[in-house]
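Asker: let's see this in three dimensions:
(chains A and B)
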Protein chains: 2
Amino acid sequence: MKLSRYFLPTLREDPADAQVLSHKLMLRSGMIHPTCHGIYSWLPLGLKVLAKLERIIADEQDKAGCHRILMPTIQPATLWRDSGRYDDYGKEMLRIKDRHGRDMLYSPTHEEVATDIMRQFLKSYKQMPLNVYQIGWKFRDEIRPRFGVMRGREFLMKDGYSFDVTKDAAVAAYKKVVISYLKTFERMGLKAIPIRADSGAIGGDLSHEFHVVADTGESEIFYDCEYDALSANTMSFDDIERIYSAADDKHDPANCQIPTEKLRTARGIEVGHVFYFGTKYSKAMGLSVVGRDGEAIFPEMGSYGIGVSRLVAAIIEANHDKNGIVWPASVAPFKFGIITASWQDPSIVDIAEDLYQKMITRNVEVVYDDREERAGVKFADMDLIGIPFQIVLGAKCNDGIFEWKDRRTGERMDLTLEALFNKVDENDDCKNFVKR
Amino acid sequence: MKLSRYFLPTLREDPADAQVLSHKLMLRSGMIHPTCHGIYSWLPLGLKVLAKLERIIADEQDKAGCHRILMPTIQPATLWRDSGRYDDYGKEMLRIKDRHGRDMLYSPTHEEVATDIMRQFLKSYKQMPLNVYQIGWKFRDEIRPRFGVMRGREFLMKDGYSFDVTKDAAVAAYKKVVISYLKTFERMGLKAIPIRADSGAIGGDLSHEFHVVADTGESEIFYDCEYDALSANTMSFDDIERIYSAADDKHDPANCQIPTEKLRTARGIEVGHVFYFGTKYSKAMGLSVVGRDGEAIFPEMGSYGIGVSRLVAAIIEANHDKNGIVWPASVAPFKFGIITASWQDPSIVDIAEDLYQKMITRNVEVVYDDREERAGVKFADMDLIGIPFQIVLGAKCNDGIFEWKDRRTGERMDLTLEALFNKVDENDDCKNFVKR
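Answerer: Prediction:
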């Protein structure tokens, strides 16, 4: 993409009405536009990041054997009356009457619709285990929406629902999702700490929250430093049960078993929540199937959520510096940026254009700042929008030397064209996605 | 994907409540589930097709220089009061009050929100031409939703909005979108006829509809057979103005200039609609920018829509036979299918597994029917769900011979493994998508 043709309305100044850093940076880097209180439009740069998150989440869900579906946003109240939640759910539920006067709602969560789908299709124990997920928009009518997309009203969620024959199988499904979530967050360059939680309105007896560690996090969390050393790729659910973690409401300093030198205190942003709740919905909604011996059984269920639009903000809270956003490469809107030290030097501009075309031909994600602006403006914008790998073309490019800058470390090096393309290939991640 | 593990709830019988063929086939092939009247959940197979359409549409929009954004579904009534449409829009608009009693709505279209975004960001004539689009869910509270996703209440649309300095530039933008739409439909294997239309509620003085030709189409259309010979890749807007086409409300047999032998009569399904409406919204909503000579100008606008979820049904109406759906390869949920003549023959099953793994490694979209079912059931299901290229493994596969079946033509041929992979590569279309 050439920046001169892109719709990237960056702002020079901090917007007055943004309180938290991620909100400020998302507005300043032209990622979002407030359509009304707690409801945002996603501009090209923001939508690209959202799509990156979706893709990683979907890939990990698919790997874990979950099936992607998409449920509607508008639903009939009847389903929520079946589950018994219609009257209990408070004012956060956006209630609607359609033209025929029927009670409808904009779904804040999809346990009812998922269970209803399975009422039609699940007939036998043989069809389980079954785990379906979607990535879709939800609405919660927060009384005080704030912090940009961190606590918006219309938000993008990944939510999943598992159906199993026995409690053991359901708990196994739950554990599988927990590990897959940790892999998902790790792949986004995040450290996420799983914390045992209450089930709240969803119900049930097993639940974990996932907190991304960021200095500006909303809640205080405590965990054993062993988490810092572990990778999601080698971790088991037993590790999670063994290694200490707690939010401030559960952490009791007087009785904590962890020696002080191993205890980490950090701020956390909740980005995921998982529940095992047994037969609560299958029983209430009459979802039963034929069991192994011909008996009727109610599937054991769990539900699993990741706040996708909120994650964009959480990633920024965990990855920024004084110059702007520092995207982890896997979620960057563009992995590579090209900047010319001068747009008035035709030989440099020719080389930049040629380099840009070569990268496009290689099908890598590159943004080329071809605007007629001072180099200082370009460097600042490229840092503000957080492009991980920046290629700077100064006078030396006439001799075939390109400057490579790593946004995170600030490290710079001079590279030949061949070495440059090796770096590009090394940092391209297409290979991480396969069709299933 | 292995079918034994897939969530593909096909039905043997025609569902009683479906009146049109695409609706029946979408239910029978497990693509959708009705959540309530006119509101559907998309199951894995259906969602895959929807994603294919999205990808083709986005690719053609990006090629045409449009910028992808995403606007919210829930919007404040204030924006529609600004444009003057809030009271005019009838009962098809889903009107909502939020918890604070504010008037909101579920957007049936996004002219207001798009114009509002530009009120913040468009400051100068230099920022135009600008064309933004989204692919997102909309709601129209149809009094009688019917024909499945063909006329649903919650539906997926691609909608785009162009902003230009002059009327000439706006008309040029309009023409560019028309050609890009024809390319989009052609890439989906569809013949779409552009027909001059009235502007209706959107307003303005230039408008075209796009009708997909299908025997079961909702309206009668008339067009010069020259359209049958033209490709969107070489067509110009002048061709469209020159070549006759009309829907039945405008076609006047007595005064039609086309000789009878050149006139084609067909049934059409409307899948797209484009409008140029000038300064209607920019003036009403106070979107003005600084012009070349420092004067205030109101951008000239157009809007452009494709019914994405409706297209899934339209493609089926135009591509089916007595055995089921016949997907054009570019939009098929899986391009390739593997069927074993017997699941009880271990040598065939081993070869099938090996072939499947090889295809997965090549990153092609393949579904392998590994269920413990009779071959007849597998052949029927593979045809029902419309897989374009089917690879059948019978006894001959022990000698390295695979049967290749073309779903559309019914043509079968025996291939060696090497020839088979040549066919696979030839029919894979990853190369058609590049990053921009």
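
Asker: next one: the nearest residue to A:Ser124 once chain neighbours are set aside from A:Asp82, what distance?
Answerer: Excluding its sequence neighbours, the residue lying closest to A:Ser124 (Cβ to Cβ, 6 or more residues apart in numbering or on different chains) is A:Val290, at 5.1 Å. C-beta here means a position set from N, CA and C on the backbone, and glycine is covered the same way. As judged by Cβ to Cβ, to the nearest Å, A:Val290 and A:Asp82 stand 21 Å apart.

Asker: does A:Pro72 touch A:His110 like I think?
Answerer: No - under the criterion of Cβ atoms under 8 Å, A:Pro72 is not in contact with A:His110, lying 9.1 Å apart.

Asker: on that earlier part again, which one's more surrounded, A:Val290 and A:Asp82?
Answerer: A:Asp82 (18 against 14; other Cβ atoms under 10 Å in any protein chain shown).

Asker: where do the helices sit along chain A?
Answerer: Applying DSSP state H to chain A gives helices spanning A:21-28, A:44-63, A:77-83, A:111-121, A:167-187, A:226-229, A:237-242, A:280-284, A:308-318, A:346-361, A:375-384, A:417-427.

Asker: can I get these in a markdown table including mean pLDDT?
Answerer: Shown next, in a markdown table, are the helices of chain A (pLDDT from 0 to 100):
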| stretch | mean pLDDT |
| --- | --- |
| helix A:21-28 | 96 |
| helix A:44-63 | 97 |
| helix A:77-83 | 97 |
| helix A:111-121 | 97 |
| helix A:167-187 | 97 |
| helix A:226-229 | 90 |
| helix A:237-242 | 92 |
| helix A:280-284 | 97 |
| helix A:308-318 | 97 |
| helix A:346-361 | 95 |
| helix A:375-384 | 96 |
| helix A:417-427 | 94 |
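
Asker: right, and the ones you listed - which one's nearest B:Ala375?
Answerer: Closest to B:Ala375 of those, according to Cβ to Cβ: helix A:111-121, at 24.3 Å.

Asker: does the closest one reach chain B?
Answerer: Yes - using Cβ under 8 Å from any Cβ of the partner chain, we find that helix A:111-121 touches chain B at A:113, A:116-117, A:120-121.

Asker: may I see the ChimeraX selection of the buried members of those residues?
Answerer: Buried residues among the residues of helix A:111-121 next to chain B (16 or more other Cβ atoms under 10 Å in any protein chain shown), as a ChimeraX selection:
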select /A:113,116,117,121
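
Asker: can you list the residues of the stretch 51-200 of chain A near chain B?
Answerer: Checking the stretch 51-200 of chain A against chain B by Cβ under 8 Å from any Cβ, the hits are A:65, A:67-76, A:78-79, A:91-92, A:94, A:96, A:98-99, A:106, A:113, A:116-117, A:120-121, A:130, A:132, A:137, A:139, A:141, A:143, A:153-154.

Asker: ok, longest strand in chain A?
Answerer: strand A:263-278 (DSSP state E).

Asker: pull out the buried positions in stretch A:90-97.
Answerer: Buried, per 16+ other Cβ under 10 Å, within stretch A:90-97: A:93-96.

Asker: try stretch A:18-34
Answerer: For stretch A:18-34, by 16+ other Cβ under 10 Å, it's A:18, A:20-34.

Asker: what's the answer for stretch A:313-322, then?
Answerer: So for stretch A:313-322, counting by 16+ other Cβ under 10 Å, buried means A:313-320.

Asker: now do stretch A:318-331: distance to the chain's middle.
Answerer: 15 Å (Cα atoms, centre = their mean, to the nearest Å).

Asker: report the contact partners of the residue nearest to A:Ser124.
Answerer: A:123-125, A:296-297 (Cβ atoms under 8 Å, 6 or more residues apart in numbering or on different chains).

Asker: return the residues of the stretch 301-436 of chain A in contact with chain B.
Answerer: Residues of the stretch 301-436 of chain A lying near chain B (Cβ under 8 Å from any Cβ): A:360, A:363-365, A:434-436.

Asker: and these as JSON lines, adding neighbour count and distance to A:Gly305?
Answerer: JSON lines is the format used below for these (neighbours: other Cβ atoms under 10 Å in any protein chain shown; distance: Cβ to Cβ, whole Å):
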{"residue": "A:Ile360", "neighbour count": "16", "distance to A:Gly305": "37"}
{"residue": "A:Asn363", "neighbour count": "15", "distance to A:Gly305": "33"}
{"residue": "A:Val364", "neighbour count": "20", "distance to A:Gly305": "33"}
{"residue": "A:Glu365", "neighbour count": "21", "distance to A:Gly305": "28"}
{"residue": "A:Val434", "neighbour count": "13", "distance to A:Gly305": "25"}
{"residue": "A:Lys435", "neighbour count": "15", "distance to A:Gly305": "26"}
{"residue": "A:Arg436", "neighbour count": "14", "distance to A:Gly305": "22"}
